[in-house]
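> heads up, no residue letters with this:
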């Protein structure tokens, strides 16, 4: 078995040449762009290149906020179609909502008894966008107590 040992020159000229090569490799490639900021789900390009979410069988209607997409673009480049997206807080990204009184499950992170975070499915009551749910930590009103 033969080993080949290669010795490299480490002088100032070689170091300067390597620095120039590295700097040229790190330069971003210039390309045309047309970045558009979207203010929310009602913006013109908010749902570009985003597919509709499929109905999973437990939810009843398309979300009134995101119209079934579950997310929208907050920023999109109309040339390269790179984008930044926001998840819909109302449907938790599912695109569909519950119209009856069934609780709605969504992914959440809680602390386990061992002190480690773990993924769980949390269930929240149905929310109506026209009548938001009151703060659960707030005291009950007399009308709520009678029920």
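Structure received. Just so we're clear, the structure is a prediction, and the values are computed from it rather than from any experiment.

> Low-confidence bits of this structure, can you list those?
Low-confidence segments of the chain, defined by pLDDT under 70: 1-30, 126-147.

> The same query, at a cut-off of 80, please.
Applying pLDDT under 80 to the chain flags residues 1-32, 56-58, 100-106, 124-147.

> which stretches of it form helices?
All helices of the chain, identified by DSSP state H, fall at 12-26, 142-146.

> Buried ones in stretch 83-103, by neighbour count?
Buried residues in stretch 83-103, counting neighbours by 16 or more other CB atoms under 10 Å, are found at 83, 85-86, 88, 90-98. Every residue, glycine included, has its C-beta placed from N, CA and C.

> distance between the ends of that stretch?
End-to-end distance for stretch 83-103, by CA to CA, to the nearest Å: 33 Å.

> quick one: which of the buried residues of stretch 83-103 is nearest to residue 69?
Residue 69 lies nearest to residue 95 out of the buried residues of stretch 83-103, by CB to CB, at 5.7 Å.

> Residue 42 versus the closest residue to the closest one other than its chain neighbours, what's the distance?
Of all residues not flanking residue 95 in the chain, residue 53 sits nearest, at 3.0 Å (CB to CB, 6 or more residues apart in numbering). From residue 53 across to residue 42, the span is 18 Å (CB to CB, to the nearest Å).

> Show me which of the two is the more surrounded one.
When neighbours are counted by other CB atoms under 10 Å, residue 53 and residue 42 differ, and residue 53 comes out ahead with 20 against 10.
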